[in-house]
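>>> After the sequence you'll find the predicted model.
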Amino acid sequence: MHTLLMAVDRLSSFVGRLFAWSIVLLTLLISWEVFSRYVLNHPHAWALDAQIQLYGVLFMMAGAYTLAHQAHVRGDVLYGGFSQRVQASIDLVLYLIFFIPSVFALTWAGWTYAMESLAIRESTFSADPLPLYPFKFVIPIAGFFLLAQGVVEILRCVLCLREGHWPGRLKDVEEIDIAVLKARVGKNDVSDDVSGETQS
Amino acid sequence: MRLRIEQKFGFGLMALILITIAVFTPWATLNNGHIGIIMLSLIVVAMMMGFPSAFTLTGMGVAFSWVAYHSVAPDLAVQQTLDLAVQRTYGVMTSDVLIAVPLFLFMGYLVERANLIKKLFHAIHIAMARVPGSLAVATLITCAIFATATGIVGAVVTLMGLLALPAMMRAGYDTRLSAGVIAAGGTLGILIPPSIMLIVYSATAGESVVRMYAGALFPGLLLAGLYVVYVVVMAKLKPHWAPPLSEEERRVPIPHYLTPIMARHGKLALPALLRALFTGRGEMSRCALFKYLLTAILPLLVFVIILGLAWNTLTRPKEIYDTSGLVEMGFESTTRMALDVDTASGLQEPPMVEEFEAGGLQEPPMESLQEPTLMEPLQAPAESGAQAPPGAAPLAEPPATAAAVANASGEQAAARLPVPDSFWITTAVSAVALTALYLMLNFTRLEVFRMLLTSFFPLAVMILGVLGTIVFGLATPTEAAAIGALGGFILAAFYLAIERPEAERRRWWPTWIVLWTIFLSSIVWFILYQAHITTQPVPKALGTASMLAMMIWLVLATWQVRLIPILREAVFLTAKTSAMVCWLFVGSSIYSAAFSLLGGQAMVEAWVLSMDMTTLQFLILSQLIIFFLGWPLEWTEIIVIFMPIFVPLLAHFNVDPLFFGLLVALNLQTSFLSPPMAPSAFYLKGVAPPNVSLAQIFLGSMPFLGLVIVSMVMLYIWPQIGLWLPTVLYK
């Protein structure tokens, strides 16, 4: 059971992290386009469409990854104070009534939507058109990973109800990791730096 | 303690809402509008259950839109619901406003990880040493700048909690004041542009991001200013809250090799350094001396460049396209000549024929290097008009006047415009200020300036660059955000490079300098071209070379300074936070579609209008609601769920959505500080020493909460604080 949970976690994380790198592409693409347009006076018609697609892929594919690491914003007023079993039962019910039906609907609808787009080989409306249908397939694919992660989360709730505590999760980089921040504030003393300068 | 209060409050609120629904819903005559209102009340209850809000919203949105469609056409309901869900999702995926969110996040995470907050705090602290309550003021300024650059409240509060709180406690500062300063200062990051919150508001309210940024600038600075004034006043009134620093703590460390120079050449930095350059620099290395000299003349350099560009802009000839009687090329060159003559002689009258001839002879203008043939067309019109042998002398003769007159009309406009007096006044005042600056610039101050130069200025330049290009319409927010992210990357690379061993750095410098020179050459050329100093656009080859140089440097630097771990973290965090924000948008756009399909929006509007409120009452009511929502909910949730409900009402009360947005932006500062759910206070508690209690942090934040409300009142009384800049810039 635990192996399965971890395997899906790993899959979601892998997919999310893979597509996360599109932020680097996005930054470089836009910077390059800005340079090309303003300095060289040579704009590209497809750049804007490419930007939008990179951004859309980035956040859609990171949905399951974010869920796997509990980084979606949640109201913590009451939840944080509940015992783990209570948390698990609330989550279980809400996954079943909110999450599964709506994400399933989204995946299903996204599939037909993308297939329609594929049938007509839809492309962007610009001077240099880019194909649009691969981008639309992102909806069902992201939905599928999200569903898989959702099922795993439901299993987690069941496990928690049975064992009384939450099963483990994969470690991931945190926005606020106090140990890391402490280390960062501690090292690299300013006075060291001044003496470092004096050598030059 | 904390849990009990919070839980009581939460359960109380939930019970209150549920009871209200049960009592006030006309169950017998239930229509769609009522269901919409129930849906709105239930979302607050459901959100407090602690389920990820994005999926709570999606779930309720899909369910209720099915209800709405089902009541109209039961057969089509499922298909319509599916279509709605996917189209709303696709809408978020193709939003050209939200695309800036991941880019700004990326920039923020890179800057945050560039590890300069410690230097920044130290430099500002030393620079502020004489101000009352200097540590607290320095903390506020550090928080404001760092939070503005990164936009990540939690990280700023945590870092400052680790850095500034112990420093203030050691200096004998009041615990509550110290805690409040950090909690409130770190929160400023979501208010002062460029901030994510303003983008999110713009995306929901359909307001332009550019206008929001321009509008939020002064309210943000106002609030930061109020905080600083409060701290300074308190430090004056109650010195025991913020005791002044001891002489020892205010001492600026000065490198040992400067002491002999100070002894020999005096304390004034610039003259002493110049003298040291020629009459012996003691044990100071040549390299260090040049570094110091460069630092010292930097203000002068900036002053000259800015004035030069300003002069160029102010006196630039009005462009005219009337080429009557002139060959295209000839006109171009006469304009240029007239310009050059004027530059040389400072004449403000339309130049005579001889003069521009003279100018052509003595001047080595840029074109003559690139297009030597330009000289000929210049004479062509004169020749044809004069019917005289060509040459310098005949040009001045009467027969030439026909052509000269024709030219003069062009030249009159083409000549440099007279320099306005205000320019000279500004120059004089700045020159006096600069002289005063250099008379005061002793080595201690130079050292402080150097510290600021390596910590404060890079961030300030980055923020101002991003903000300036957006606000002045030079680039779209997306473009500015991408350049900002690239800037964050460069900043991180340079700060990491400083931390590498000296020997390694020495090996890199030559390559780095070459690559950057190639890159900057086309940027400088471009600026000159934009300022009409050269007419030649950047050559394609140079531009391509610059781009390549930048690319090579990026790859090289990433590898050399070991940037990959930081980059990985920043990339992953960006992905997670963008997914959080954007999936919330997916949920809320499905949810708000369902809400208006059910007629809930119309119901709310009818209900609000029936109350017959004045604009002021409406504003107070809406801000109060947002204030109270800020207790249990986070700003993202408040904006994406409740702004679609408030914003359509604004038209009835003649409230500018921009103005409302600014009030909301100020108001949401309180959602970080007000108990029971105050993220800033909790972040701080997480790293504070054990003797600092949560209650002390809350009490410390209270005055700042009060100041937020003061700033909102000020914005209401003087809306120009927010609206002046957008109106001036975008009429």
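Here it is on my side, so go on.
>>> I'd like to know how many residues surround the nearest residue to B:Lys540 once chain neighbours are set aside.
Spatial nearest neighbour of B:Lys540, chain neighbours left out: A:Leu40 (6.4 Å); criterion: C-beta to C-beta, 6 or more residues apart in numbering or on different chains. C-betas here are computed from N, CA, C, even on glycine. A:Leu40 has 19 neighbouring residues, counting by other C-beta atoms under 10 Å in any protein chain shown.
>>> now do the one 5 residues further on
Using other C-beta under 10 Å, A:Ala45 is surrounded by 12 other residues.
>>> so what's the residue nearest to it when sequence neighbours are not counted scoring on pLDDT?
Sequence neighbours aside, A:Ala127 is the residue nearest to A:Ala45 in space, at 3.9 Å (criterion: C-beta to C-beta, 6+ apart). Note on A:Ala127: pLDDT of 80.
>>> secondary structure element for A:Ala127?
If you go by DSSP states H and E, A:Ala127 is not part of any helix or strand.
>>> Relative to B:Met262, how far out is the residue of the stretch 201-350 of chain B found nearest chain A?
Closest contact between the stretch 201-350 of chain B and chain A, by C-beta to the nearest C-beta, is at B:Pro255 (4.7 Å). With distances taken as C-beta to C-beta, to the nearest Å, B:Pro255 is found 11 Å from B:Met262.
>>> ditto for B:Ile43
In terms of C-beta to C-beta, B:Ile43 sits 68 Å off from B:Met262.
>>> likewise B:Glu207?
56 Å.
>>> between those two, who's got more neighbours?
Between B:Glu207 and B:Met262, B:Glu207 has the larger neighbour count (other C-beta under 10 Å), namely 21 against 17.
>>> quick one: what helix or strand has the residue lying closest to B:Arg250 once chain neighbours are set aside in it?
Nearest residue to B:Arg250, sequence neighbours excluded (C-beta to C-beta, 6+ apart): B:Ala129, at 4.3 Å. Per DSSP H and E, B:Ala129 falls between elements, in no helix or strand.
>>> Pretty sure B:Ala129 sits against B:Leu245.
Yes - B:Ala129 is within contact range of B:Leu245, at 6.0 Å (criterion: C-beta atoms under 8 Å).
>>> As a check, name the ranges of all helices in the stretch 401-550 of chain B.
B:401-414, B:421-440, B:443-471, B:477-499, B:502-530, B:540-560 (DSSP state H, counting those that start in this stretch).
>>> winner for burial among those?
helix B:477-499 (a mean of 23; mean count of other C-beta atoms under 10 Å in any protein chain shown).
>>> packing partners for that one?
helix A:22-34, helix B:100-113, helix B:209-237, helix B:443-471, helix B:502-530, helix B:540-560, helix B:564-597 (3 or more C-beta pairs under 8 Å, 6 or more residues apart in numbering or on different chains; DSSP states H and E).
>>> nearest to B:Leu629, of those?
Taking C-beta to C-beta as the criterion, helix B:564-597 is the member of those that comes nearest to B:Leu629, at 14.1 Å.
>>> Report the distance from the next helix or strand after the closest one to the chain centre.
The helix or strand immediately downstream of helix B:564-597 is helix B:600-610, counting by DSSP H and E. Distance of helix B:600-610 from its chain centroid, counting by C-alpha atoms, centre = their mean, to the nearest Å, is 38 Å.
>>> again, but for stretch B:706-726
How far stretch B:706-726 lies from its chain's middle: 19 Å, per C-alpha atoms, centre = their mean.
>>> again, but for stretch A:29-43
29 Å.
>>> swap in stretch B:171-191?
22 Å.
>>> And the residue nearest to B:Trp508 when sequence neighbours are not counted, how far from chain A?
Using C-beta to C-beta, 6+ apart and skipping the chain neighbours, the partner closest in space to B:Trp508 is B:Gln560 (5.7 Å). B:Gln560 is 18 Å from chain A, where distance means C-beta to the nearest C-beta, to the nearest Å.
>>> Before we move on, what's the pLDDT of B:Gln560?
88.
>>> related to what we said a few turns ago, is it possible to get JSON lines of the helices and strands packed on helix B:477-499 that adds distance to A:Val151?
Listed next are the helices and strands packed on helix B:477-499 as JSON lines, based on distance: least, C-beta to C-beta, whole Å:
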{"stretch": "helix A:22-34", "distance to A:Val151": "26"}
{"stretch": "helix B:100-113", "distance to A:Val151": "28"}
{"stretch": "helix B:209-237", "distance to A:Val151": "38"}
{"stretch": "helix B:443-471", "distance to A:Val151": "42"}
{"stretch": "helix B:502-530", "distance to A:Val151": "50"}
{"stretch": "helix B:540-560", "distance to A:Val151": "38"}
{"stretch": "helix B:564-597", "distance to A:Val151": "18"}
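>>> quick one: which of those helices is nearest B:Ala136?
helix B:209-237 (4.6 Å).
>>> Spatially central residue in chain A, please.
A:Ala62 (1.8 Å; C-alpha atoms, centre = their mean).
>>> follow-up on the earlier one: tell me the phi and psi of the residue nearest to B:Lys540?
phi -90, psi -10 (degrees, to the nearest 10).
>>> in chain A, what spans have low per-residue confidence?
Within chain A, the ranges that satisfy pLDDT under 70 run A:187-200.
>>> count of neighbours near the residue nearest to B:Ala155 when sequence neighbours are not counted?
Nearest non-adjacent residue to B:Ala155, counting by C-beta to C-beta, 6+ apart: B:Glu112, 5.3 Å away. Residues lying near B:Glu112 (other C-beta under 10 Å) number 28.
>>> check contacts around B:Glu112.
With contacts defined as C-beta atoms under 8 Å, 6 or more residues apart in numbering or on different chains, B:Glu112 is in contact with B:146, B:150, B:152, B:155-156.
>>> Looking at those, which is nearest B:Pro74?
For these, the nearest to B:Pro74 is B:Ile152 (48.1 Å; C-beta to C-beta).
>>> from what I can see that closest one touches A:Glu175, true?
Yes - applying C-beta under 8 Å, one finds B:Ile152 in contact with A:Glu175, separated by 6.7 Å.
>>> Mind checking which of these two has more residues around it?
Comparing B:Ile152 with A:Glu175 by other C-beta under 10 Å, the one with more neighbours is B:Ile152, at 25 against 16.
>>> Residues of the stretch 51-200 of chain B that sit close to chain A?
On the criterion C-beta under 8 Å from any C-beta of the partner chain, chain A has as its neighbours in the stretch 51-200 of chain B the residues B:51-56, B:58-63, B:81-83, B:85-86, B:89-90, B:93-94, B:96, B:98-99, B:102-103, B:106, B:115, B:117-119, B:122, B:152, B:154-155, B:158-159, B:162-163.
>>> ok, of these, which come out buried?
Those of these that meet the buried threshold are B:51-56, B:58-63, B:81-83, B:85-86, B:89-90, B:93-94, B:98-99, B:102-103, B:106, B:115, B:117-119, B:122, B:152, B:154-155, B:158-159, B:162-163, by 16 or more other C-beta atoms under 10 Å in any protein chain shown.
>>> circling back to that earlier point, can you tell me how far the residue nearest to B:Trp508 is from B:Arg500?
For B:Gln560, the distance to B:Arg500 equals 8 Å [C-beta to C-beta].
>>> Leaving out sequence neighbours, find the closest residue to B:Ile261.
Nearest to B:Ile261 is B:Ala276, by C-beta to C-beta, 6+ apart, at 5.0 Å.
>>> correction: B:Ile533
Using C-beta to C-beta, 6+ apart, the nearest residue to B:Ile533 is B:Asn312, at 6.5 Å.
>>> which residues touch the closest residue to B:Val466 other than its chain neighbours?
Using C-beta to C-beta, 6+ apart and skipping the chain neighbours, the partner closest in space to B:Val466 is B:Gly484 (4.2 Å). Applying C-beta under 8 Å, 6+ apart to B:Gly484 gives the contacts B:103-104, B:107, B:194, B:462, B:465-466.
>>> give me that answer again for 10 Å
By C-beta atoms under 10 Å, 6 or more residues apart in numbering or on different chains, B:Gly484 lies in contact with A:27, A:31, B:100, B:103-104, B:106-108, B:110-111, B:149, B:194, B:462-463, B:465-467, B:469-470, B:477, B:491.
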